[in-house]
Structure formats: structure tokens, C-alpha cells
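A.B. asks: let me see the structure of the following:
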Amino acid sequence: MTLTVTPRDVNGEPLGTGLHVEVLSSDGSVTLGGTGTSACTVNTPGATCLTAVDSGAGSYVVTARSATPLTVPTTFSATVTDGSGTTTLPDTASVTFDSALFNGSAGTTITTGTVTVTSSHAGGRNLYITGGTVTFDASTVGQTFGDVFITGGTVTHLQATNAAMFKLDVLTGSWNLLGGAINTTNKGYGMTCFANGSCSGNGLVSFGPNGVPSASLAGTSMLYGASHGGMGSGNYRMNISQANNNQAGNAGTTYGDYRDPKYPGATNDTYSGSHGGGVVRITSSGPCVLAGASTLAASASFNAAGGSINLRCGAIVSTGWTGSINADGGKGAGNSSIPNGAGGGGRIALVSTGDAATMTGAVSYPPVNLPARVHAFGGAPANSSYVVGAGGAGTIFLKHSGLTYGDLIIANNSPAHYQNEGTTRLPALAGTVTANVTAGATSIPVSVASTMFNATYYENAGAPLNFNPALTQVTTPSSSSVYNGVFAGGWLRPDITAAGGAMLDPSNLVSVTTNAVGNLTTSIVPSNVASGAFFRSVDVLDHLDVLGNAILETNGDIHVVSGNTTNSGAPTMTVNGLALFDTTSGRTGRIEYAAGAVNVVQATQAMPPLGGGTLVADNVTVSAGSVTVPAIAASGDVTLSGGTLVTNSLMAARYAQTAGTLKHYLPLFKTSPAAAQVSSLQMTLSETFSLTGGTVDVTGLGYPAAMDAQGAPLTLWGFGATGPASAASPAGGYGAGHGGVGGGYTAGSARGMAYDDYRDPRYPGGAGTTVGSSPAYLGYRSNGGGVFRLNAAGVCTLGGTSLIKANAVSYGAAGGSISLRCGGFDTTGWNGTLTANGTNAFSSTSNGSTRAGGGGRIAMVSTGNASSFVGAVGYPYPATSAQLQARGGTGISATYTDGGAGTLFLKHSGVAYGQLIINNNNQTHYATGGYTPFVSIAGTVSSAANAGDTSLSVNITSTPLHNSAAFNQLLAGMWLRPDTSVNSGTLPADNLVTVTGNTFVSTTQSQLTTSPLLAPVAAGASFKSADLFDVYNVVGGAITQTNGDLYVVP
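C.D. replies: Residues are numbered from 1 along each chain as shown. Purely as a prediction, here's the structure:
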């Protein structure tokens, strides 16, 4: 048996470590010995073997053995002196044991060999392990042991298969890991395994109902790392052929309750055959003691996910401990032909039923650099040639009796970053209540609209034009029993609008105990809930730390009571990573700190653009590194003072940039219009914008070119109403268009035409290629310029040498779009530039040739009056100034000619139509060079319309004909004269309407959506578009053309 002595003072408090404790026996047949010492039967004070071993936690351990049953009660006494052994403390303790119980079955000692522990060793008996390999079998789950001491050897549980889950899950009087290791690495979900230890069969095994292994919630392919506490990372291959680009999919879902983890890690892989991490779950009425260099592991190798470690004890004592606790995901593996993602981290919970003082040593509370010793890191990325991101961080949960909700730490190992790294998605769900619920009920009927099982779509670039899509929603928990029980343990707001929308209000908060198809079983519902109410999970925490560039994600809400674990209650809390929320149906989740603001601070990481997540915080700061996230929503400030911030959508009160680079996602190179995708940067501010240093740079992020694996050009992408299309793109070797057409443009042709609204540009520039070399292949693929659109209620400031760039790249491509719509413009002292230029012509016998691309479009519109333009950019703006540029590329010969100028538009509230500048920098113009056609139309009205109507059926007879759906919405923004027979000589008086959209019906009919008609229009009437200006400048050798009318205010 094992004797544990805990010296205490008169108040019952432990005296601590560093004492000298001797244990004596009244029976000479009892062999006494401390761990690591030789046994002896000498019962005389001072014998070395009688000295109890200091556990490092204030308790002292000695073993007692007897080869024969004792016939009389035996008394053991303990003498306690100071560390030198010279000063005896005033009291000694004597304990008498009933000899009838000292018969060899009161405990088990294992010293060597391979031993299986079964339920027969439980029943309150002690367990002492000094060596060997010890396996807890399935019969021990939920069994009660006495005091468990591990001083050496390796402890584990059985190997899981794709049909059975195993774990180490026991109750104890105390749990003392003083040496050796508990190692359940690769013992989690996996394949079919045999008695000889070999494993085979299919991978893709993950969590199922009640923990039974299942493939139903696993990832879609071995190419993705498996998930548990963190998401596995995605396969990412930037190969230019269509087949190798077609690697979309997901890594499986996160699962389990971070407050009480109990499930193994998943596997997604048939390539490496790795299992996920196993399960260690210790529930102890006494202390859990960690000492020496002992380790506790539930990690995984190669693509699989980390498992679970859960210590729930009377105290967690680790004074002097130098070991570690880890539930890490497996690293990315495979090779450059079959690269596999990295596994997500597992889950760790350290819970003491005592107060903060009962958590000591390396796991003391509040924690100090805890992830250095206790971690659930996502798997490391494979090397850069594989291009696979890191796995998402797992979770670490801390709680003691002084915390109401507990602390959550999400920490990754600051890995190298590639496109498809995993996130830490919290268990959550949202949806609609399907029937009235009365106060006092314990169940809520629901229809689930969004869960943590939403697919993460891993792709290699791009998001659809001008918007960032929501997560792919998984609603099957409303109809499939596969998900029964998986949401147990979380908090829920039955109606997110109740209690004024407060996240933590007792009248609108329940805990979920289980779930079934269409129903949640909960704690008592405190208030009536109406049918149709929208419900959503909320994670309520005392403290939250996001560290090591982790990416926190949820489709619920997060409420933090006291901020970070360090500096609790400070005016701000910091997220050293990303906090991403679902944006389903406009009901964006949020993170809330009860005592102040949430600041997201610089972190180097990359989120897949199609994931749909939104970074939500009070303030976001990027000062170094590179942050890539689809969308940002900040209630306060977004600040960029260094590094690179990549996003497609940014909403905040204020934006300030003093250095660094802001841009949007790359275009996606594909070989079909459905797959080719582009992005844009949409910024919306309720107050001010300031760019006094650095660059907003969307150069070369516009429409792309597709090619085959050998580099031969397949398709050039240009304007399309909902994404890239080939109908408006030029032929290879011809300049691309946008604000101006490229070199070699055929008048009236759709190929390479001008597009977009100069008053409010929103589309990228067209792509170009060089072709015609021998052999014929793509020498240069050239993207058009990208899109930056800013809408700020307050003043927009440009200062220093700051730049905004939407230029094309390489050769033959068109400039992109810059649209700034602000409360005013302060450009005092600014000597930077805004540019949306096309790229030059090129000719080479080895790399092919192309004509120059057209310029893009720039608009600066103030909601203030003329005085709102202050500084370098005034109104009207000098037409020949070089600070605003939308020039066509230069030509090099009569064959490889110049591109047409783009457009510069300025306006304030004091003028009706604004100023248009078309300036081509006085470059040489060749006969077949580009020019600047207005997006304009003419034709006849097909059907009569009445005054007040907002649609007009027309036959467009001008060229380009716009005779396909590819040109839908191209005409939005233009002015129209519905009936040219109404001619007062002053265009504004000629029944002008604005076109808000156009839809293709047939080759002879298009439907225009307009502002209300001012007068009836007869069938057969001739119509024309019109462009009206207060100031109109065509300079620098630019040439314009229109199918409509031009009007300049006298």
C-alpha cells in the first residue's frame, strides 16, 4: 500500500514542501521504502529508507509492504522535521490500520513489464506504478480508484479503431503523476487495428453521436487535416491547370465541449495512417499532483487531430514540475504531389474544485505563459513547397471555485502561414424557435440555420465580385439524429433581441443539456419565447486569451466578463489573433467585453477567402507581419502602422494608416467563368479615413487570365455582371479595356470594350496576354487593376507620400477602380498619387506580343460643398496634374499600339454633375490605338410607357449591342433621354431619367430599370443616353467617342 502524509498547521493548512518526513511501523514484518530508495525493515528513526518522498506538492509518499498477512493491528507513525532533519515539529501523527484489510488486495503496485489494468484493480484500491507499460482497458472507464501514484513507466489506454473508442477515464482519491508519462498519442479515432498493432482500412473517422467513431462528421478528403478543438488545415495548390486547382473541400468539424473534453481526436488520412490523440480524463476528490519531468500527452502525428486531457481535481499542484501537458494536432505531411493538411489541436481542461490558491506551480492561477508547458497547438504546416497551412489551435479551459464561468485560452505555436490554415471554431448553433415557449419549460423546439458544422471551403484564392459570401450553412441538425447530443454544455440566448440584446441577462439565458432532431433540452427557460424568435449560442467566459496567432471562429456570440487572464479587469482586452464571426442573414455575431473594449492586435495569419468569417472587435491594429481575413467589422478604429492587411470588406468607425500595405484578395486563375473569381476591397466608415503613409495597393488584383499547364492562353477575363466573363474580354495580344479601350480595339466590338460607371466605379480592369511567339504560348499573363471603394461619412485625409494604386501589371492589361466617397477631402501637404493606369504594349520573339491596355477609373465625391476639397486636390481639379492618373498604356509601334485614357471624376454637393477629366499623358497615339468611349446607348422604345413608370422596354441598336446577359447591369448609373424628340436645347429639361439596371431579354429587347419617367413615352420613340458635366476636360492627347449626347453646363 501507499502512505501519503500531508503535514498541516493548526488551521489545517498544508505546511508545504522541503520538510523531512519519516514513517515508522509497529510491525517488523512490514517493509517500508520511499520511491527510488531500497526497501528496508529497520524501524529505527534515521534510516534512509524510511524517509517519505517529497511529491513537490506538500504531501510525502512512502510504500508499505508485507509478505505475510498481519495478525494484529499495525500502527504507522510519521515524524516531521525541518528540511535539515534537526528540528522536530511539535506534533506527530499515528494511524492504525485494521490488519484484515492489509492482505494484498488493498492496492496494486506495478514495477515492470506490460500490464493491463482492469476494473478488478479499482473498487477504491490504491494504484502505484513505478515502471513498465500500463494500459487501462475499457472496463476501467468510470471506475473509482484510491490514491494513484505514477513515478515511472508509461500509462496509456487501448488503441481506438474506426468502430470503437477507448479512453483513460477514472475517478480517484488523488492522482499523483510524479514521474514517467501518460501517453495516449495516436490512440484516438482511426482505422481498423489488429492485435499485432497494425492498422488498415479507410480513414476519415471522426466524432459521432455519444462519441462512437463515425465518418459522418469527418472531412471530405485525406487532403485536409482532421479537426477536434481546432480545424484541420486545407490542401492548397497553386498549379495553373484546371484539374490541379480543383481542390475545394473542408477539413471536418470541431466537436466536443471545451469545458469538459471527453472525446478522441479525429483522423482524415489514408496516406499516413495516423490516428487522432486519445483521451485522459481524471476526476479526483483530492489533489492532482504533477512533479518531476512527468508528461501527459494526447497528441497526434501527421494530419490527425489532438485528443482530450481533462483534470478535474480538488487541487492541481505542480510546484517544481518540469514536464508538459499536450494535445497537439499532427503536422502537415505528404509530398509535393499529394500534400496533406495539418491536424487541429485537441482540448485540455484543468479544473480545481478549490480556489485559485489550489492551482500552483506551472499551472498556478492566474496563468503565466501557460502554453509553454500546457498546449493544444494545431499541427505545424508542411514545408513551403507543399503549400499547406497550419492546423487550428485547440482549446485550454481553466476553472477554480473563484471563477463563475471559467477561462478559455486559444493558443497556437506562431506557425509559418499559408493560405488555408485552420481556425478554432467554438461549438455553437443558431436558428429559429418554431413554437411558443413558456417560462419554466426545459425544452425549446427549433429549426437550425447555422452550426459549427458549417463547411469551411478551402480554396486557393479569390471571392466572388464585390461581396464576401456567408459560410456554407449546415442545417441537418434539424433533421438528422447524427447530431444528437453534440451541443450539450453550452449557453444559449433563446431570443437575441430580448433584454435589449444583452448577451448576459438571466432573463434570456439557458444552458443546453442535450439536443435531438428539432429540439433543445435546456435548463429552465426564464421568460416566454415567441415562435419565430432567432436564437444563438453565446460563450460566457471570465477571461479569454487568443495567443500565438490563433484564429478564433464562431457562429455564436462571445461575452467576456473580465478581459484577459493577465491584467484582469483592465479597460481593454487584447486578442493576439483573429476573432471571426458568422454573417448569416445579416445577424452578425460579436465579441463583447463587459468592462471595456476588445482590441485585435497584429497577427500574421491567412484565412481562406471563401470561409465567410468576419473579424469582429472594437478595435483592430496591425503593426507588422501579414494578416489575411475576408472581412473586418470594428465598432471603433482599424489601424495599420506596418505590415500587410489583406481583406475584401472593412467596416469601422475610423480607419488610419501611417505605414504598411492594405489590399484585397488575389484573383483566382481558373478555366471557366464559374470558377474564375475576383475580389474587391469595400471600406465603409461611419466617421473618418486617414492615409498619411503606406499604400492602398490593389495593383494587379483585377480580372485574371487563364491558361493550361503548359502556359498556353485559354481565356482572358473581363467584365461580367456577377464575376469574370469572356464576352467583354479582348482577344489575346490585344489591349484590355475598362475606362478606356486597349490598343487594336475594333469600334463597336464587345471584345475589349469600355465598361463601368465613371461616377462610381466598382469593377476591376481587364486582363491581357502576350501571344504569337514560336511556339505559341503565354509569355506574360497580365492581371488588370483591382478595386478600392471607400464610403466614409467624415473627412478623408491623404497626406505625406501615401499612395492608392489600382494599376494593371505586366503588359496589355487595363487599370482598375478607385472610388472615394467622403464627407470631404483634406489633402493638405499630400504629395502622393492615386493611379489606375493600364500597362504598356510589348513585343518579343520569345515571349510574344500585345498591345497596350486602357486606363481605369477614379472617382472622388464629397458630400460637402466646394470648401470640402482642401489642399493638393481642389475642385475643380487641374486637368493636367499628375497626382490623379488613369492613363492608358503606351504603344511601341503602329502594330502594338497605345491604350485609351481612363476617367477621373470629381464632385461635391454644390454642383449637379461634377467634373470629368480624360487625360492620356500626351503619349504617342497610333492609328489603331485606344481611346475613351463613353458607356452609351441609342435605339428605339419597344413598348409605350407612362409617366411614373420605372421600367422601359427598348431595342438597343448602337454598338456594342449588349445583346447577351453578360452585359446585364453594365448600364447602371447612366442618364437617359427616353424620347429624343423632346429637345429643348437644354438637356436637363428633356425628361432625363437615370438608369439603375439593365436586363437582357432577347437580341432585340432589353429591359431598363430607371428613375420614374417624367412624361409618357410612345412605342417607337428614339432614345439616347446622355452624359452631363459641370466641368469637362479632355487633355493629353485623349480621344473620346459616344453613342449619346454630351452636355456641359454653360
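
A.B. asks: residue contacts, Asn920?
C.D. replies: Contacts of Asn920 were listed using CB atoms under 8 Å, 6 or more residues apart in numbering, and they are Gly740, Gly855, Arg887, Gly888, Asp898, Gly900, Ala901, Gly1036, Gly1037, Ala1038. All C-beta spots, glycine's among them, are computed from the backbone N, C-alpha and C.

A.B. asks: list just the nearest of the residues you listed to Ser867.
C.D. replies: Nearest to Ser867, judged by CB to CB, of those is Gly1036 at 28.5 Å.

A.B. asks: what about the helices in this protein?
C.D. replies: For the chain, the helices identified by DSSP state H occupy 242-245, in order along the chain.

A.B. asks: Thr903 touches Arg857, doesn't it?
C.D. replies: Yes - Thr903 sits in contact with Arg857 when judged by CB atoms under 8 Å, with a separation of 4.9 Å.

A.B. asks: give me the common contacts of these two.
C.D. replies: Gly739, Tyr758, Pro761, Ala886.

A.B. asks: and this structure, what are its domains?
C.D. replies: For the chain, the structural domains run 2-104, 107-425, 429-655, 688-933, 938-1028, going by automatic domain parsing.

A.B. asks: let's have those domains in CSV, adding mean pLDDT and distance to Val1049.
C.D. replies: Shown next, in CSV, are the domains of the chain (pLDDT from 0 to 100; distance: least, CB to CB, whole Å):
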stretch, mean pLDDT, distance to Val1049
domain 2-104, 65, 86
domain 107-425, 85, 51
domain 429-655, 80, 32
domain 688-933, 91, 7
domain 938-1028, 92, 7
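
A.B. asks: any chance of those domains in CSV, with distance to Ser679 too?
C.D. replies: Listed next are these as CSV, based on distance: least, CB to CB, whole Å:
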stretch, distance to Ser679
domain 2-104, 56
domain 107-425, 13
domain 429-655, 5
domain 688-933, 7
domain 938-1028, 18
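
A.B. asks: and the gap between Thr699 and Ala927?
C.D. replies: Computed as CB to CB, to the nearest Å, the Thr699 to Ala927 distance reads 30 Å.

A.B. asks: tell me which of these two has more neighbours.
C.D. replies: Thr699 (24 against 6; other CB atoms under 10 Å).

A.B. asks: tell me the contacts of that one?
C.D. replies: Applying CB under 8 Å, 6+ apart as the definition, the contact partners of Thr699 turn out to be Gly785, Gly786, Lys805, Ala806, Asn807, Ala808, Val809, Gly816.

A.B. asks: ok, now with 10 Å
C.D. replies: Thr699 makes contacts with 663, 765, 783-786, 803, 805-809, 815-816, 835-837, as judged by CB atoms under 10 Å, 6 or more residues apart in numbering.

A.B. asks: tell me which of the residues you listed fall in strands.
C.D. replies: Counted as lying in strands by DSSP state E, out of the contacts of Thr699, are Lys663, Leu803, Lys805, Thr835.

A.B. asks: strands along the stretch 701-850 of the chain, start to end?
C.D. replies: 705-707, 713-716, 768-769, 781-782, 787-792, 795-798, 803-805, 817-822, 824-827, 833-835, 842-844, 848-850 (DSSP state E, counting those that start in this stretch).

A.B. asks: over to the stretch 901-1050 of the chain?
C.D. replies: With DSSP E, counting those that start in this stretch as the definition, the stretch 901-1050 of the chain shows strands at residue ranges 903-907, 915-919, 932-933, 938-941, 951-956, 975-977, 993-1002, 1005-1010, 1022-1029, 1031-1035, 1040-1041, 1045-1048.

A.B. asks: in CSV, list these along with distance to Leu645.
C.D. replies: Listed next are the strands of the stretch 901-1050 of the chain as CSV, based on distance: least, CB to CB, whole Å:
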stretch, distance to Leu645
strand 903-907, 27
strand 915-919, 31
strand 932-933, 34
strand 938-941, 45
strand 951-956, 42
strand 975-977, 38
strand 993-1002, 33
strand 1005-1010, 37
strand 1022-1029, 36
strand 1031-1035, 35
strand 1040-1041, 38
strand 1045-1048, 41
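
A.B. asks: these: which one's closest to Ala634?
C.D. replies: Shortest distance between Ala634 and the strands of the stretch 901-1050 of the chain, using CB to CB, is found for strand 903-907: 28.7 Å.

A.B. asks: send me the closest one as CSV with only the CA atoms.
C.D. replies: Coordinates of the C-alpha atoms in strand 903-907 are reproduced here as CSV (Å, rounded to 0.1, in the frame of the first residue of the first chain):
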residue,chain,number,x,y,z
THR,A,903,-11.5,58.6,-66.4
LEU,A,904,-11.1,60.9,-63.4
PHE,A,905,-14.4,62.2,-61.8
LEU,A,906,-14.7,64.7,-59.0
LYS,A,907,-17.9,66.1,-57.4
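
A.B. asks: how far does it sit from its chain's centre?
C.D. replies: For strand 903-907, the distance between its averaged C-alpha position and the chain's averaged C-alpha position is 37 Å (CA atoms, centre = their mean, to the nearest Å).

A.B. asks: okay, angle between that strand and strand 1031-1035 too, please.
C.D. replies: Following axes from the mean of the first three to the mean of the last three CA atoms, to 10 degrees, one obtains 160 degrees for the angle between strand 903-907 and strand 1031-1035.

A.B. asks: what residues sit buried inside stretch 288-303?
C.D. replies: Residues of stretch 288-303 classed as buried by neighbour count (16 or more other CB atoms under 10 Å): 288-292, 294-303.

A.B. asks: how many other residues sit next to Ala747?
C.D. replies: Other residues near Ala747 number 11, with proximity taken as other CB under 10 Å.

A.B. asks: I'd like the numbering to begin with 24 instead of 1 from here.
C.D. replies: All set: I'll call the first residue 24, so the last point we hit is now Ala770.

A.B. asks: wait, it sits on Ser981?
C.D. replies: No - in this structure Ala770 lies outside contact range of Ser981 using CB atoms under 10 Å: 11.3 Å.

A.B. asks: hey, where'd the strands end up in the stretch 124-273 of the chain?
C.D. replies: With DSSP E, counting those that start in this stretch, the ranges of strands along the stretch 124-273 of the chain come out as 130-133, 137-140, 149-152, 156-159, 170-173, 177-180, 191-195, 197-200, 204-206, 215-216, 222-223.

A.B. asks: same question, the stretch 474-623 of the chain
C.D. replies: Using DSSP E, counting those that start in this stretch, the strands of the stretch 474-623 of the chain run over residues 514-516, 533-539, 542-545, 557-564, 566-570, 574-577, 580-583, 595-598, 601-604, 614-616, 620-624.
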